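>>> please work out how this folds:
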Amino acid sequence: MTSQPRYILSIQSHVAMGHVGNAAAVFPLQRLGFEVLPVHTVQFSNHTGYGQYRGQVFEAEHVREVLEGLRERGVLGQVEAVLSGYLGEAAIGAQILRTVNEIRRENPHVRYLCDPVMGDVGRGVFVNQTIPEFMRNLAIPCADILTPNQFEAELLTGSRLRTVDEAVNIARQLRRRGPDTIVVTSLTTEDIPGDQLGTLAVDGSGAWLVLTPRLELYPMPNGMGDVFSATLLGRLMISDCLPDALSKSTSTLYNLVKATKAGSRDLPLIQAQEQLASPNPTFDAQPV
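Reported below is the predicted structural model:
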């Protein structure tokens, strides 16, 4: 007997070539067994890391119309999780939050993972100036799971993360604003060895850290955060506890980056897809 599909709504950017946004998130979730409803906020030929690109940035009304069509098909009420990433403008973010709240009225157990894409070390803030305020005031209180990188966690809180303990305290501050689970990626504090990279997860029951070797690639492939957030959400939806989900999703990303050819701007999602289902090697999540 065929089981009922498990729907995840993913509202992100999309590219025809390469793997960022929905082009990075949809396949990992499908590989983990989910039926994904991708709604694109942009449609580009390729991601901007290549320099030149073509395509369109969609307005919030376009996103609203696509969601309205899903509503008319009766599928929104069956959604078990919502995933959002890069936002071109706050109006699209507001549409996402309205949709999350609508789904919650039918399914109070729906989980919303917000990846607050705003910037990174070296690049600074690279989004519309309205996005950080939207994230602080509206998105964080609505989210169940928040996955900032270290730069974004510091931007959201106005704090510096110098040690792992400070990062845990900042994550707990963010939890008090609404989300149950905070995951801080790309963690490079003073007490993490220089040849390693940390990923920290904090929820109401504890805090865990995964350390992986630092991989030196130039350029680093785009879409790493998109793949990580999608994989983490999928693992949590499979009912993995947070430490296991953190371990597997961090290990998946590490192995995909390690398999990336030098000079490539995209992760080898298709060629190394076995890492999505069964990452090898794996890195344990240690309590902190």
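>>> quick one: the helices in the protein, in order.
22-31, 60-72, 90-106, 131-134, 140-142, 150-157, 164-175, 224-237, 242-258, 274-277 (DSSP state H).
>>> pick the most deeply packed of these.
Scoring the helices of the chain by mean neighbour count under mean count of other Cβ atoms under 10 Å gives helix 224-237 as the most buried, with a mean of 26. For every residue, glycine as well, the C-beta is placed using N, CA and C.
>>> what's the angle from that one to helix 22-31?
20 degrees (axes from the mean of the first three to the mean of the last three Cα atoms, to 10 degrees).
>>> which elements pack onto helix 224-237?
strand 7-17, helix 22-31, strand 79-84, strand 111-114, strand 145-146, strand 181-187, helix 242-258 (3 or more Cβ pairs under 8 Å, 6 or more residues apart in numbering; DSSP states H and E).
>>> can you add mean pLDDT and distance to residue 211 and give the helices of the chain back as TSV?
TSV is the format used below for the helices of the chain (pLDDT from 0 to 100; distance: least, Cβ to Cβ, whole Å):
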stretch	mean pLDDT	distance to residue 211
helix 22-31	98	22
helix 60-72	95	38
helix 90-106	95	33
helix 131-134	94	29
helix 140-142	97	27
helix 150-157	96	14
helix 164-175	97	10
helix 224-237	98	15
helix 242-258	98	9
helix 274-277	97	18
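>>> so which of those helices gets nearest residue 11?
helix 90-106 (5.3 Å; Cβ to Cβ).
>>> just to revisit the earlier point, nearest to residue 285, of the helices and strands packed on helix 224-237?
Here helix 242-258 is closest among the helices and strands packed on helix 224-237 (Cβ to Cβ), at 4.0 Å.
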